[in-house]
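Participant: The amino acid sequence is not available; the structure is as follows:
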């Protein structure tokens, strides 16, 4: 197999070597190039022999000498260099199956591609992997690999993922650990199914693979209002959320005594549901599971407090509105109060938006759509601008989940709309109008 070159960077090594768009890259130093993993792995040598086929069908060899890790300037039609692999599971908790009809087509695509784990940190289930692909990951020592485990009970994993390969594919997790590949894991917990004793089993078995397994995130199942015909699942309650946290705390206590480390974390949402205080930022070490909503509360609070302590602004005549999801509302409100207490004249109104598109049980800000935000703030005095969450825009550009753009939202509300940055310092800067 060969991959087609779609473009050449100006001034690059490839341009100097007269490689052209339309040429096909067949191999590097004799190793076949099939996709991005092959290319990224073999391109790092300082001496490269590229085997190419021109658009006219002629074979061509190009010798390149370069610094290690230096890019040579080839561009390809897609970042994967071939088609993205879709998920073959039918998980009982799949959130994509819970989306309402009528959204844009791309939102319904389920990816389960190991290359996206390497490129973007996506989580994979291992059920798409073949033995040869697993060995390629080991050979290239691709690390870390992010794995959506759900349970270490093979039979239960088959049931939860409705895939007969789900149990046996756990073997790759053990092979990666044995090879020294760093692994981050995720457990999407469903009440009464893979929590309780099953959670204890999963934590213990994953803990036995330490230090290869670097972190374990326990995330509560997300339930929308669009579950007609799907597996019956219940949301976590205050009591059941506390039980999950208790299992994880007991595991961590024992694990830390034996290994001097903490690797298992409950998602922030568990603490919110349990009505328990969030752990301090120090608890999360280097925050290995932020993308799973683990430690986001503690990190944002820590960063904001540090930025506010260093802020030299004493007074500022400014009124603005911040919209957020119901889960983050208590924290954002508390941070806004701190800023207003320190800075005279600053007036920040924080509004919690209900998720009407997906349902009231979806409380995270990242799944708010434009109409949700518009409904939440309609009729309010928004001040100079409306500040929206950093993670609620989807797709290319500035589009919300419901295809409304930031510009359309601004026109509808007759106010400037600004997307907040991702950290505590960004949040404070947004409150202060960018100063």
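Facilitator: All right, it came through fine. What you see is a predicted model; the values in this text were computed from it and never measured.
Participant: now the strands for the stretch 201-350 of the chain?
Facilitator: With DSSP state E, counting those that start in this stretch as the criterion, the stretch 201-350 of the chain has strands at 213-220, 264-266, 315-325, 344-353.
Participant: For residue 388, find the nearest of these.
Facilitator: Residue 388 sits nearest to strand 315-325 of all the strands of the stretch 201-350 of the chain, at 5.8 Å, using C-beta to C-beta. Every C-beta, even on glycine, is put in place using the N, C-alpha and C of the backbone.
Participant: Enumerate the positions of that closest one that are buried.
Facilitator: Applying a neighbour-count criterion of 16 or more other C-beta atoms under 10 Å, one finds 318, 320, 321, 322, 323, 324, 325 buried in strand 315-325.
Participant: now stretch 248-267
Facilitator: Residues of stretch 248-267 classed as buried by neighbour count (16+ other C-beta under 10 Å): 248, 251, 252, 255, 262, 263, 264, 265, 266, 267.
Participant: which regions of the stretch 1-150 of the chain sit below the pLDDT cut-off?
Facilitator: Along the stretch 1-150 of the chain, the model assigns pLDDT under 70 to residues 1, 78-86, 108-121.
Participant: again, only using 50
Facilitator: Within the stretch 1-150 of the chain, the ranges that satisfy pLDDT under 50 run 114.
Participant: Kindly reformat the buried residues of strand 315-325 as a markdown table containing distance to residue 204 and pLDDT.
Facilitator: Converted to a markdown table, those look like this (distance: C-beta to C-beta, whole Å; pLDDT from 0 to 100):
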| residue | distance to residue 204 | pLDDT |
| --- | --- | --- |
| 318 | 53 | 95 |
| 320 | 49 | 97 |
| 321 | 47 | 98 |
| 322 | 42 | 97 |
| 323 | 42 | 97 |
| 324 | 37 | 96 |
| 325 | 34 | 95 |
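Participant: these two touch, right, residue 247 and residue 199?
Facilitator: Yes: here residue 247 reaches residue 199: they are 5.2 Å apart, a contact under C-beta atoms under 8 Å.
Participant: check contacts around residue 147.
Facilitator: Taking C-beta atoms under 8 Å, 6 or more residues apart in numbering, we find residue 147 in contact with 123, 124, 125, 126, 173, 183, 184, 185, 186.
Participant: Across the sheet, point out what pairs with it.
Facilitator: According to DSSP bridges, residue 124, residue 185 are recorded as the beta-bridge partners of residue 147.
Participant: And the furthest pair within the buried residues of stretch 248-267?
Facilitator: Across the buried residues of stretch 248-267, the two members that end up farthest from each other (C-beta to C-beta) are 255 and 267, 18.4 Å apart.
Participant: Of all residues in the chain, which one is nearest the centre?
Facilitator: Among the residues of the chain, the one closest to the centroid is residue 291, at 4.0 Å (C-alpha atoms, centre = their mean).
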